[in-house]
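Undergrad: sequence below, structure please.
(one chain, ligands or ions: 1)
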Amino acid sequence: MPNLTVELLPGHKRGLFLSNPVLTASGTFGNGLEYAKVFDIQLLGAIVSKAITLRPRRGNAQPRIVETAAGMLNSIGLQNIGIEAILRDVAPLWATWRVPVIANIAGESIAHYAELARRLDGTPGVSGIEVNVSCPNVENGLEFGTDPKAASALTYAVRRETDMPLLVKLGPNVTDIVDIAAAVANSGADALTLINTFPAMRIDIQTRRPALGWGSGGLSGPALKPIALRMVYQVARSLDIPIVGCGGIVSAEDTIEFLMAGARAVQVGTATFRNPRAPLDIIEELEDLMRRQGVDDLQGIVGAALPARRESETVDAAASERLRQRL
Ligand code: SIN
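TA: Numbers count the residues shown, from 1 in each chain. As a prediction, the model looks like this:
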């Protein structure tokens, strides 16, 4: 039997052990409850919840989804039921599942993020926290993910509230992804999710107005994949932090590309809009592909495409630590 298991955070006190490297991406799989009625979600590597905010949110005006060539735009606006309902009604169900659930959190201030982490800390059914600093569809949604200092301060504040596995999800709309990634990595993140959607738009030529109610949205799907792959590669080449790749993955081959670029696991998102079973199909395809290629352990190919690292290419960890201490 090919080995698809992933120890996502080696050395972490609690760890995050996955039966395979295929997770669902936040915002594309609800909180897993509906899909649990459709197929065996326990076969997934992990589920990442919809973004959770302190208070329930109704989300943005319709339309909130439009198709594009090789992708789609969404401008949901973080619609969700809020932390109280998650802790009361949803987490107890997650606690009955074998598949790990990672809670994605989003806030309007550092204090919001810290409070969310505090309330989730130690919650049965929650195996880790993914900090969303890259939502393009709300006021200030990108504020913490585009400036290394702000990203660092936020990560540090969340880290102080929890020793649970902590992932930070970065967006692609930055000048230098390695700068932001380094700031986050040196402020206590255990792993990075790369990447969120890319801010984008469409115009409705009948109404002569933006096609989305919010005006713009986030581009996802296969159109995003080469950008995501490049960012995973760039960060993996420079930093020693586990990476979960995300962006346009629809097949086992896509997954393998991300692993070879340096990701240890991947998140599948937009593909589930076409085929709700896409993550499971990818896991099955991966097993098949490994058998055919004679690959026994999938983690053996992580980073296979990366050049040997030269000292001059690594980010100065001491400099990042000094930055953290100044905050
Ligand atoms: C949304 O709710 O608008 C999407 C979430 C995200 O892009 O982080």
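Undergrad: low-scoring stretches of the protein, by residue?
TA: Counting by pLDDT under 70, the ranges of the chain that qualify are 309-327.
Undergrad: point out the residues in it that sit beside the ligand.
TA: 27, 51, 74-78, 132, 135, 137, 196-197, 218 (CB under 6 Å from any ligand atom). No exception for glycine: its C-beta is placed from N, CA and C like everyone else's.
Undergrad: filter these down to the buried ones.
TA: 27, 51, 74-78, 132, 135, 137, 196-197, 218 (16 or more other CB atoms under 10 Å).
Undergrad: among these, name the ones in strands.
TA: 74, 132, 218 (DSSP state E).
Undergrad: what about residue 54, which SS state?
TA: Under the three-state scheme (DSSP: H, G, I helix; E, B strand; the rest coil), the conformation of residue 54 reads as coil.
Undergrad: what sits against it?
TA: Applying CB atoms under 8 Å, 6 or more residues apart in numbering to residue 54 gives the contacts 82, 83, 107, 112, 115, 116.
Undergrad: quick one: which of those is nearest to the ligand?
TA: The nearest member of the contacts of residue 54 to the ligand, counting by CB to the nearest ligand atom, is residue 107 at 12.1 Å.
Undergrad: I'd guessed that closest one sits against residue 52; true?
TA: No - Residue 107 is not in contact with residue 52 according to CB atoms under 8 Å; the separation is 9.5 Å.
Undergrad: and the gap between residue 38 and residue 51?
TA: Residue 38 is 22 Å from residue 51, where distance means CB to CB, to the nearest Å.
Undergrad: tell me which of residue 107 and residue 52 has more neighbours.
TA: residue 52 (29 against 25; other CB atoms under 10 Å).
Undergrad: bridge partners for residue 244, pull those for me.
TA: Per DSSP bridges, the residues bridged to residue 244 are residue 193, residue 265.
Undergrad: burial count for it?
TA: 28.
Undergrad: likewise the one 3 residues further on?
TA: Each residue near residue 247 was counted by other CB under 10 Å, and the total is 33.
Undergrad: then residue 285?
TA: 17.
Undergrad: so it: helix, strand or coil?
TA: Per three-state DSSP, residue 285 ends up helix.
Undergrad: likewise the one 5 residues further on?
TA: Per three-state DSSP, the local secondary structure of residue 290 is helix.
Undergrad: give me the residues contacting the helix or strand where residue 102 lies.
TA: Taking DSSP states H and E as the definition, one finds residue 102 inside strand 101-105. Residues from elsewhere that reach strand 101-105 (CB under 8 Å, 6+ apart): 16, 23, 26-27, 31-32, 46-53, 86, 94, 113, 116-117, 120, 123, 125-132, 165, 167, 169.
Undergrad: just the strands in the stretch 201-327 of the chain please.
TA: With DSSP state E, counting those that start in this stretch, the ranges of strands along the stretch 201-327 of the chain come out as 203-204, 209-210, 217-220, 243-246, 265-268.
Undergrad: so which elements touch the first one?
TA: Contact analysis of strand 203-204 by 3 or more CB pairs under 8 Å, 6 or more residues apart in numbering; DSSP states H and E lists strand 209-210 as its packing neighbours.
Undergrad: residues in contact with residue 120?
TA: 52, 83, 87, 103, 105, 126, 129, 162, 164.
Undergrad: swap in residue 205?
TA: Contacts of residue 205 by CB under 8 Å, 6+ apart: none found.
Undergrad: where's it relative to residue 60, distance?
TA: For residue 205 relative to residue 60 (CB to CB), the value is 22 Å.
Undergrad: and if you look at residue 127?
TA: Taken as CB to CB, the span from residue 127 to residue 60 is 30 Å.
Undergrad: quick check on these two: which one has the bigger neighbour count.
TA: residue 127 (23 against 20).
Undergrad: if I pick the more buried one, what's in contact with it?
TA: So residue 127 contacts 16, 46, 100, 101, 102, 164, 165 (CB under 8 Å, 6+ apart).
Undergrad: give me the nearest residue to the third one, chain neighbours excluded.
TA: Right, the one you point to is residue 100. Spatially, and ignoring its direct neighbours in sequence, residue 100 is nearest to residue 127 (3.7 Å; CB to CB, 6 or more residues apart in numbering).
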